[in-house]
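**Student:** What shape does this take:
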Amino acid sequence: TGFATKLRDGAPTRARAVLYITLIGLASYALGSTVLMLGGREIIDFAAKDQAGGAVAWASLSAFHAGLDGLGNTFTGVGAIIAGWAILNTKVLPAGAAYVGIISGVLNVLALFVTGVPPIMLGGFLLTIVWIGWAGSALRAG
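**Tutor:** Down below sits the predicted model:
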């Protein structure tokens with residue numbers, strides 16, 4: 001069973017919110033990666049003919065990608081906060097997993113407003129990995 005299914009009985013609204021909010025964040029990450037991959041290829045071809053124009057195009061593409069990445073961080077962060085809150089109320093997973101989820105979510109959302117602070121960005125990234133691993137193993141355990 002999935003995470004939203006585990007939460008559905010005790011917190012149905014939050015279970016659905018976690019599912020859809022996180023899905024929006026993941027879709028934003030996917031779109032950003034696709035734009036960077038395909039757009040980057042086009043810019044390389046363009047820069048071979050006009051280096052100054054290629055530099056401007058790359059700066060524009062990077063800004064667009066950063067926006068999509070920030071959107072992904074925000075939505076997956078909010079999803080982790082809501083999931084942690086639901087875990088604390090329903091007790092379907094250990095409370096420690098809930099707190100790691102909440103902290104990783106806060107760091108991911110904070111990264112949108114506090115740019116260029118490596119501890120916040122790295123902390124959000126690493127704690128998200130810990131959160132996914134812990135919650136996933138707890139779900140498998142039953």
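**Student:** Helices of this structure, start to end?
**Tutor:** Secondary structure of the chain (DSSP state H): helices at 3-8, 12-49, 51-90, 95-113, 118-141.
**Student:** Export these as TSV, with columns for mean neighbour count.
**Tutor:** For every residue, glycine as well, the C-beta is placed using N, CA and C. TSV is the format used below for these (neighbours: other Cβ atoms under 10 Å):
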stretch	mean neighbour count
helix 3-8	19
helix 12-49	15
helix 51-90	18
helix 95-113	20
helix 118-141	15
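**Student:** weakest of those by average pLDDT?
**Tutor:** Mean pLDDT per stretch puts helix 3-8 lowest among those, at a mean of 77.
**Student:** How about residues contacting that one?
**Tutor:** 14-16, 18-19, 83, 86-87, 90, 92-93, 135, 139 (Cβ atoms under 8 Å, 6 or more residues apart in numbering).
**Student:** same check, this time on stretch 62-69
**Tutor:** Counting by Cβ under 8 Å, 6+ apart, stretch 62-69 makes contact with Ser28, Tyr29, Leu31, Gly32, Val35, Leu36, Gly39, all of which sit outside it.
**Student:** nearest spatial neighbour of the fourth one, skipping sequence neighbours?
**Tutor:** The one in question is Gly32. On the basis of Cβ to Cβ, 6 or more residues apart in numbering, the spatially nearest residue to Gly32 that is not a chain neighbour turns out to be Leu68, at 3.3 Å.
**Student:** before we move on, what about the second one?
**Tutor:** Beyond its immediate neighbours in the sequence, the residue positioned closest to Tyr29 (Cβ to Cβ, 6+ apart) is Gly72, lying 4.0 Å away.
**Student:** re earlier: adding distance to Pro119, write the contacts of helix 3-8 out as CSV.
**Tutor:** Putting the contacts of helix 3-8 into CSV (distance: Cβ to Cβ, whole Å) gives the following:
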residue, distance to Pro119
Arg14, 29
Ala15, 32
Arg16, 33
Val18, 26
Leu19, 30
Ala83, 23
Ala86, 28
Ile87, 25
Thr90, 32
Val92, 31
Leu93, 27
Ala135, 23
Leu139, 29
